[in-house]
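*Asks:* this one's sequence-less:
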């Protein structure tokens, strides 16, 4: 297993290089880049309706400021050299270091992402097991209707509905409308701060996770039902092995193998989130930062997000393979 992990870590290097090359050169060929946006802002109209445009020297100065005065391949090598030194550049908009700007959003994404991730597994695995053991019963039918109804509703639309119903709209005022903490957060006690964050998280986390419930619950149910129909389960029951022991010690462990492949999403949880959900609840997370950076052609931040997210996703795949080995020691990787 150690040899396999080392090999996968080495393979991450050319993968990340390939991702960086493709994404970097895409940012250089997209229309409406940062220079074009600055030119549009600096272009004014006079009293006679004539357009005043900036001269070529000013354009060349802008290219030098943004690092666009060299060929694209030289720009890439300079950027990659800086990346290897831990310098992701500066944001075109805020002029903060990219890592600083991303680092300000990571705690928020970490809280919402990990909470949603663990809640999904904690709720969906027992629910899937219960549905498999209660197949074609009233509970199975009712829970399927509820789960798939939630799956069919877009998270942002559900967020708007919940804010109207529970956020002080036309009905109840049980949860705050926006933000991650209250205005008086700094004046609260330690426990008060914890409950304040939880109070703000309830509705957004529910919207984050509702879409994945149907997939994970159905996967758990179908996987366990497949195991229950296999010969080793029938043989164990025929020998008099207690039913619960057969299910929870043997069948359930094998049924968790497909579920374990999603454990790698733990790293991806750093960047979890929906742009529209973050917009609805005014949550300054990674998704909203990425969307705004693309719209504003803030390329250093866009590329920084892509590289960091790609790294964590690749590490998550290795974690998934390790989880498979933990669930089923018979699985080996060469």
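*Replies:* Now that the structure is in, tell me what you want to look at. In this text, all values refer to a predicted model and were calculated from it rather than measured experimentally.

*Asks:* any chance you could map the helices in the stretch 101-250 of the chain?
*Replies:* Under the criterion DSSP state H, counting those that start in this stretch, the stretch 101-250 of the chain carries helices at the ranges 138-152, 155-166, 190-228, 231-238, 243-245.

*Asks:* point out where the stretch 201-334 of the chain drops to low pLDDT.
*Replies:* Applying pLDDT under 70 to the stretch 201-334 of the chain flags residues 264-274, 328-334.

*Asks:* same thing with the stretch 1-150 of the chain?
*Replies:* Within the stretch 1-150 of the chain, the ranges that satisfy pLDDT under 70 run 1, 42-54.

*Asks:* tell me where it has strands.
*Replies:* Assigned by DSSP state E, counting those that start in this stretch, the strands in the stretch 1-150 of the chain fall at 44-45, 51-52.

*Asks:* one step back: with distance to residue 130 and mean neighbour count as added columns, please give the helices of the stretch 101-250 of the chain in JSON lines.
*Replies:* The C-beta positions use only the backbone N, C-alpha and C, and glycine is treated the same way. What follows is the helices of the stretch 101-250 of the chain, written out as JSON lines (distance: least, Cβ to Cβ, whole Å; neighbours: other Cβ atoms under 10 Å):
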{"stretch": "helix 138-152", "distance to residue 130": "7", "mean neighbour count": "14"}
{"stretch": "helix 155-166", "distance to residue 130": "24", "mean neighbour count": "17"}
{"stretch": "helix 190-228", "distance to residue 130": "9", "mean neighbour count": "18"}
{"stretch": "helix 231-238", "distance to residue 130": "18", "mean neighbour count": "13"}
{"stretch": "helix 243-245", "distance to residue 130": "13", "mean neighbour count": "10"}
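
*Asks:* how about a markdown table for these, with distance to residue 317 added?
*Replies:* Putting these into a markdown table (distance: least, Cβ to Cβ, whole Å) gives the following:
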| stretch | distance to residue 317 |
| --- | --- |
| helix 138-152 | 25 |
| helix 155-166 | 25 |
| helix 190-228 | 18 |
| helix 231-238 | 30 |
| helix 243-245 | 34 |
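
*Asks:* what's the closest of these to residue 109?
*Replies:* For residue 109, the closest of the helices of the stretch 101-250 of the chain is helix 190-228, at 10.7 Å, according to Cβ to Cβ.

*Asks:* which strands and helices sit next to the closest one?
*Replies:* Applying 3 or more Cβ pairs under 8 Å, 6 or more residues apart in numbering; DSSP states H and E, we find helix 190-228 packed against helix 98-133, helix 138-152, helix 155-166, helix 252-260, helix 275-281.

*Asks:* so which of the ones you listed is nearest residue 20?
*Replies:* Each of these has some distance to residue 20 by Cβ to Cβ; the shortest is helix 98-133, at 13.9 Å.

*Asks:* flag every buried residue along the closest one.
*Replies:* For helix 98-133, a neighbour-count test (16 or more other Cβ atoms under 10 Å) marks 98, 101-102, 105-106, 108-113, 115-117, 119-121, 124-125, 127-133 as buried.

*Asks:* do stretch 243-263 as well
*Replies:* Within stretch 243-263, judged by 16+ other Cβ under 10 Å, the buried ones are 246-247, 250-252, 254-256, 259-263.

*Asks:* kindly reformat those as CSV containing distance to residue 191.
*Replies:* Shown next, in CSV, are these (distance: Cβ to Cβ, whole Å):
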residue, distance to residue 191
246, 44
247, 40
250, 43
251, 42
252, 37
254, 42
255, 39
256, 35
259, 34
260, 35
261, 38
262, 33
263, 31
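
*Asks:* picking that back up, out of the helices and strands packed on helix 190-228, which gets nearest to residue 186?
*Replies:* Taking Cβ to Cβ, helix 98-133 is the member of those nearest to residue 186, at 15.9 Å.

*Asks:* so how far is that closest one off the chain centroid?
*Replies:* Distance, stretch centre to chain centre, for helix 98-133: 9 Å (Cα atoms, centre = their mean, to the nearest Å).
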